[in-house]
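In: curious how this folds, go ahead:
(one chain, ligands or ions: 2)
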Amino acid sequence: MKAITFHGKQTIQYESIPDPEILQPTDAIVKVTLCAICGSDLHAYHEHEKGLDHGTAMGHEFVGEVVAIGKDVKTIRVGKSVMSPFTTNCGDCFYCNIGLTCRCIYGQLYGWRQHEQGLHGGQAEYVRVPLADSTLMPIPEGLTAEEGLFLGDILSTGFFCAKQAEIKPKNTYAVVGCGPVGLMAILGAKEYGAEKVFAIDTLPERLERAKQFGAIPINASLQNTREVINEVSEGRSADAVMEAVGNSATNKLAYDLVRPGGIISAVGVCTDEHLAFSPTQAYDKNLTYKVGRCPARFMMNELIPIVQQKKYDITSIITHRLSLAEGVFGYDIFANKKDNCLKVVLKP
Ligand code: NAD
Ligand code: ZN
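Out: Ligands and ions are numbered 1, 2, ... in the order given. Predicted structure coming up:
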């Protein structure tokens, strides 16, 4: 089959790799009908010189049709159109039972193989899905394939970020980063009742999207973010900051913007060794810092009815619909923010 594969820092190829096979009786094989490039793929792309095995199929955002199942798969059927969270989960361990499906003790992240262990990703013609019954979900009535694709990661992650911010209508909120995840966090904050959401980025076209989604845009390269937010919050700044970038500058900004007793809800993946603020600084603000991977499988259940209502035009953020064969180009424009690229969807 064809796949977009990792071959070292900023080196991605479109090449043939072996078709996946059923390895466990609980596996399914999905023929990918759509997949997407995520900001998380960029961490591997930019940073992992030796991280992933070369030849690993990238990606963890996909939807498709089930073409084969192992003998112990009970509910997922061949021929079904399915969506998947970006990690697999058993549905039965302690973490799955408390809704932290992203920390399932048997969970794996798609598109992450090291020393020949781990899972190939979904930017491919086919993908092997372990624990298929508890990982996959049939795409429900009334949902498009693109909506299913977003539910598996960015929509769930954005709403999870907003949920962790404990939104109250009258309070003041800031979202740092208006990429796909930050934009979904804005919609999540709105859905959970926020009236005042500031959106911070440096790219005008992304700030424009944030405005369309109901946020007040702040261009961090032109405006003093803290001053703008202080003006509407009696000098206190934000009650919660949703961080959707994942570097030390944005983590420090999140710290600077949050009021004493406030919350930083960080979903941006930061690969630094240390936090951007000290224990004393956290103490001095009575800070609540919530960080981590989104339990997408858990969130998907919660969010299906919201997507079914078609309240938000979530897939309007897709700027580029390309073929899988154009995936290398897709990485280049998304990673380098060329051609106003905001979200790339690939069709095998
Ligand atoms: P993206 O790269 O498209 O978006 C990042 C945005 O941040 C861009 O618009 C960029 O202009 C902006 N930005 C960068 N530096 C900035 C700065 N100093 N000030 C203001 N804005 C700045 O990526 P994305 O797809 O939206 O993903 C965002 C983050 O979320 C990534 O780190 C990704 O790995 C992470 N993520 C986490 C989870 C999870 O489960 N926690 C899931 C999906 C994605
Ligand atoms: Zn993703």
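
In: ok, whichever residue of the chain sits closest to ligand 2 - contacts?
Out: The minimum distance from the chain to ligand 2, using C-beta to the ion, falls at Cys38 (2.7 Å). C-beta here means a position set from N, CA and C on the backbone, and glycine is covered the same way. Applying C-beta atoms under 8 Å, 6 or more residues apart in numbering to Cys38 gives the contacts Gly59, His60, Glu61, Phe86, Asp153, Ile154, Pro180.

In: likewise for Ala185?
Out: Applying C-beta under 8 Å, 6+ apart to Ala185 gives the contacts Thr157, Gly158, Phe159, Cys161, Ala162, Val175, Met242, Ala244, Val267.

In: just those: which are in strands?
Out: Counting by DSSP state E, the part of the contacts of Ala185 found in strands is Val175, Met242.

In: mind checking which of the contacts of Ala185 are in helices?
Out: Among the contacts of Ala185, DSSP state H puts Thr157, Gly158, Phe159, Cys161, Ala162 in helices.

In: for this structure, give me the ranges with low pLDDT.
Out: Within the chain, the segments meeting pLDDT under 70 span 48-50.

In: repeat that with 50
Out: For the chain, no stretch has pLDDT under 50.

In: kindly report the residues of it close to ligand 1.
Out: Residues of the chain lying close to ligand 1 (C-beta under 6 Å from any ligand atom) are 38-40, 42-43, 153, 157, 176-182, 200-203, 206, 220, 244-246, 249-250, 267-269, 293-294.

In: just the buried subset of those, written out for ChimeraX, thanks.
Out: To isolate the buried subset of these in ChimeraX, counting by 16 or more other C-beta atoms under 10 Å, use the following:
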select :38,39,40,42,153,157,176,177,178,179,180,181,182,200,201,203,206,220,244,245,246,250,267,268,269,293,294
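
In: for the helix or strand containing Phe298, which outside residues touch it?
Out: Assigned by DSSP states H and E, Phe298 belongs to helix 296-308. With contact meaning C-beta under 8 Å, 6+ apart, helix 296-308 is reached by 83, 85-87, 89, 91, 96, 99-102, 134-135, 137, 140-143, 147, 151-153, 155-157, 159-160, 191, 312, 314.

In: quick one: residues contacting the residue nearest the centre of the chain.
Out: In the chain, the C-alpha nearest the mean C-alpha coordinate belongs to Ile154, at 3.5 Å (C-alpha atoms, centre = their mean). Ile154 makes contacts with Cys38, Glu61, Pro180, Val181, Met184, Lys343, as judged by C-beta under 8 Å, 6+ apart.

In: what's the most distant pair in these?
Out: Pairwise distances among these were taken by C-beta to C-beta; the largest, 12.5 Å, belongs to Glu61 and Met184.

In: so what's the residue of the stretch 101-250 of the chain found nearest ligand 1 closest to, chain neighbours aside?
Out: Closest residue of the stretch 101-250 of the chain to ligand 1, C-beta to the nearest ligand atom: Gly179 (2.0 Å). Distances taken as C-beta to C-beta, 6 or more residues apart in numbering place Gly39 nearest to Gly179, at 5.4 Å, with adjacent residues excluded.

In: likewise Ser248?
Out: Ala276 (4.4 Å).

In: quick one: end-to-end distance for stretch 305-313.
Out: One end of stretch 305-313 to the other measures 14 Å (C-alpha to C-alpha, to the nearest Å).

In: now the helices: where do they sit in the stretch 1-150 of the chain?
Out: For the stretch 1-150 of the chain, the helices defined by DSSP state H, counting those that start in this stretch cover 39-47, 94-97, 132-135, 145-151.

In: of all the ones you listed, which one is nearest Ile69?
Out: Going by C-beta to C-beta, the one of the helices of the stretch 1-150 of the chain nearest Ile69 is helix 132-135, 6.5 Å.

In: ok, Lys252 touching Ala276?
Out: Yes: with contact defined as C-beta atoms under 8 Å, Lys252 reaches Ala276; the gap is 4.0 Å.

In: for Glu205, phi and psi?
Out: The phi/psi pair for Glu205 (degrees, to the nearest 10) reads phi -70, psi -30.

In: secondary structure element holding the nearest residue to it once chain neighbours are set aside?
Out: Nearest residue to Glu205 in three dimensions, chain neighbours excluded: Asn340, at 4.8 Å (C-beta to C-beta, 6+ apart). Using DSSP H and E, Asn340 sits within no helix or strand.

In: where do the strands sit along the stretch 101-250 of the chain?
Out: Along the stretch 101-250 of the chain, counting by DSSP state E, counting those that start in this stretch, strands occupy 112-114, 117-119, 126-129, 137-138, 172-176, 196-201, 216-219, 238-243.

In: tabulate those (TSV), appending distance to Thr75.
Out: Formatted as TSV, the strands of the stretch 101-250 of the chain follow (distance: least, C-beta to C-beta, whole Å):
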stretch	distance to Thr75
strand 112-114	26
strand 117-119	21
strand 126-129	13
strand 137-138	9
strand 172-176	37
strand 196-201	38
strand 216-219	44
strand 238-243	35
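
In: show me what contacts the spatially closest residue to Val269 that is not a sequence neighbour?
Out: Leaving aside its chain neighbours, Val269 sits nearest to Gly246 (4.5 Å; criterion: C-beta to C-beta, 6+ apart). By C-beta under 8 Å, 6+ apart, the residues touching Gly246 are Gly39, His43, Ala266, Gly268, Val269, Cys270, Thr271.

In: which of these lies closest to ligand 1?
Out: Gly39 (2.3 Å).

In: show me what contacts the closest one?
Out: Applying C-beta under 8 Å, 6+ apart, the residues near Gly39 are Gly179, Pro180, Val181, Gly246, Val269.
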